[in-house]
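*Asks:* the sequence isn't on hand, but the structure is:
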C-alpha cells in the first residue's frame, strides 16, 4: 500500500493577503480574452503545447473533419496542442483521457482541498503506470507559437474546471501580439489550487520535439506555482536540475523494486529526491514512481510522480528514450 503523504516544514514565504477563501468556486473571470494572429518570427517568447503522459512513439499523420494531426501536433481552428509523449486521439481532441472541451467546461466545482480517487489504490511503486497518483497536462498556445520555446510575462485571466480537470487562462504577449495561453491539467487525487485573477506570472516553456519529445514548463509568481517535466531528463539541455529547480533534485533506482517487463526490454522504477529545509536543517523528500507527497508550511509543496523509470540494457527498440520522467510540482501559498 502507498499513500500520498503530507509532511510539514518551515518555509520562509509570507502568504499574500489577497488570497481568496478555499470555499470559493474555482471559476474566476476577467473580461474578454484578447487574441489575434502574429508573425511566425522566432523570439525568446516561443513555445508549443503539450499532451498527457504516456509512452513515446511515432504518430501517423491523420485528418478527422477539421482536426489535423501531424506528428505530435494537433491544430483545430486557431488552437494548437503538442502531445509530446502520447499518440493522440483526434476524435474529440483527447490526449489520453484529457479532453480539451471537457477542460474548458465551466460549472460547479467541489470544495477546495477535496480529493477523488483512493490514495491507497494502485500497484505500488514497483508497478509502472499503476500508481495511486495521476497528473496530466498540456499547454494551449496560438498556432504561430507551436513547437517553439517561450518565455512570457502573463496575467491570469480566469480559472475554471470540474474536478478533476482545470483550465487556467493567461493573457500573454506572444511574438508581439497579446494572446490567450491556456494551461489544462487533470489531477488524481484532486486538489483545488488557487489561481488568483489579475496576478502577473512568468511562464517558461522548453521543448525538444525529437528524437522522442520532451517538455519542461514552469509558471511562477502567483499564489500557485506550477512546474512540470515530461522528458528523459529533469532539466532542459544546458541546465542541471539544481540550476533549473533552484535546489537539488535527482533520481535514482528504487532499491526495493525489481526491473519490470517492457515492450523494449525491461524498466527499472526510479525514486525522485527533492531538497527542502526544515528550519535551518537541509533534508530530502523522497517520492516513488506512481506516488505523491505533500510537505511544507506556510507554503505547501505537492510532488506528484505518475511515472519515473529507466530502460535497462539491452534495449530492444530503436529510438526509445533511455529514461521516462513524468513529474508535476505545485507550490501552493494558500494550501492550508
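*Replies:* Structure's in. What do you need? Bear in mind that the values here come from a model prediction, so they are computed numbers and not experimental data. Numbers count the residues shown, from 1 in each chain.
*Asks:* so where do the helices sit in the chain?
*Replies:* For the chain, the helices defined by DSSP state H occupy 100-103, 241-245.
*Asks:* and residue 227, how far is that from residue 261?
*Replies:* 31 Å (Cβ to Cβ, to the nearest Å). No exception for glycine: its C-beta is placed from N, CA and C like everyone else's.
*Asks:* which residue of those two possesses the greater neighbour count?
*Replies:* Between residue 227 and residue 261, counted using other Cβ atoms under 10 Å, the more crowded position is residue 227 (20 against 9).
*Asks:* which residues of the stretch 101-250 of the chain fall in strands?
*Replies:* 134-140, 150-162, 165-174, 177-188, 200-208, 214-220, 224-231, 249-253 (DSSP state E, counting those that start in this stretch).
*Asks:* the first one pairs with which strands, parallel or anti?
*Replies:* Each strand paired with strand 134-140, and its direction, by DSSP bridges: strand 177-188 (antiparallel).
*Asks:* list the buried residues in the partner strand.
*Replies:* Neighbour-count burial for strand 177-188 flags 177, 179, 180, 181, 182, 183, 184, 185, 186, 187, 188 (criterion: 16 or more other Cβ atoms under 10 Å).
*Asks:* could you dump these to a markdown table with pLDDT and distance to residue 171?
*Replies:* Below are the buried residues of strand 177-188 laid out as a markdown table (pLDDT from 0 to 100; distance: Cβ to Cβ, whole Å):
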| residue | pLDDT | distance to residue 171 |
| --- | --- | --- |
| 177 | 95 | 11 |
| 179 | 97 | 8 |
| 180 | 97 | 6 |
| 181 | 98 | 8 |
| 182 | 98 | 11 |
| 183 | 98 | 13 |
| 184 | 98 | 16 |
| 185 | 98 | 19 |
| 186 | 97 | 23 |
| 187 | 96 | 24 |
| 188 | 93 | 29 |
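*Asks:* closest to residue 301 among these?
*Replies:* Minimum distance to residue 301 across the buried residues of strand 177-188 is 14.6 Å, recorded for residue 187 (Cβ to Cβ).
*Asks:* which of the helices of the chain has the lowest mean pLDDT?
*Replies:* Least confidently modelled of the helices of the chain is helix 100-103, at a mean of 32 by mean pLDDT.
*Asks:* so who does residue 262 touch?
*Replies:* Residues in contact with residue 262 (Cβ atoms under 8 Å, 6 or more residues apart in numbering) are 128, 311.
*Asks:* make it 7 Å
*Replies:* residue 311 (Cβ atoms under 7 Å, 6 or more residues apart in numbering).
*Asks:* and it, how far from residue 131?
*Replies:* 16 Å.
*Asks:* okay, the buried residues of strand 177-188 in CSV with distance to residue 276 next?
*Replies:* Below are the buried residues of strand 177-188 laid out as CSV (distance: Cβ to Cβ, whole Å):
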residue, distance to residue 276
177, 39
179, 36
180, 34
181, 30
182, 30
183, 24
184, 28
185, 23
186, 26
187, 21
188, 24
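*Asks:* for residue 315, which of the strands of the stretch 101-250 of the chain is the nearest?
*Replies:* Of all these, it is strand 249-253 that lies closest to residue 315, at 16.6 Å by Cβ to Cβ.
*Asks:* can you name the residues in contact with that closest one?
*Replies:* 234, 241, 268, 270, 271, 272, 273, 274, 275, 308.
*Asks:* any chance of those residues in TSV, plus distance to residue 301 and neighbour count?
*Replies:* TSV is the format used below for the contacts of strand 249-253 (distance: Cβ to Cβ, whole Å; neighbours: other Cβ atoms under 10 Å):
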residue	distance to residue 301	neighbour count
234	16	21
241	16	18
268	26	21
270	19	23
271	17	20
272	12	25
273	14	14
274	8	22
275	11	16
308	17	29
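*Asks:* of all those residues, which comes closest to residue 139?
*Replies:* Relative to residue 139, the closest of the contacts of strand 249-253 is residue 234; by Cβ to Cβ it sits at 18.7 Å.
*Asks:* and the closest one, what does it touch?
*Replies:* By Cβ under 7 Å, 6+ apart, the contact list for residue 234 reads 241, 244, 249, 251, 325.
*Asks:* what bridges to the third one?
*Replies:* With DSSP bridges as the criterion, the beta-bridge partners of residue 249 are residue 274.
*Asks:* returning to that earlier point: report the two of the contacts of residue 234 separated the most.
*Replies:* 244 and 251 (13.5 Å).
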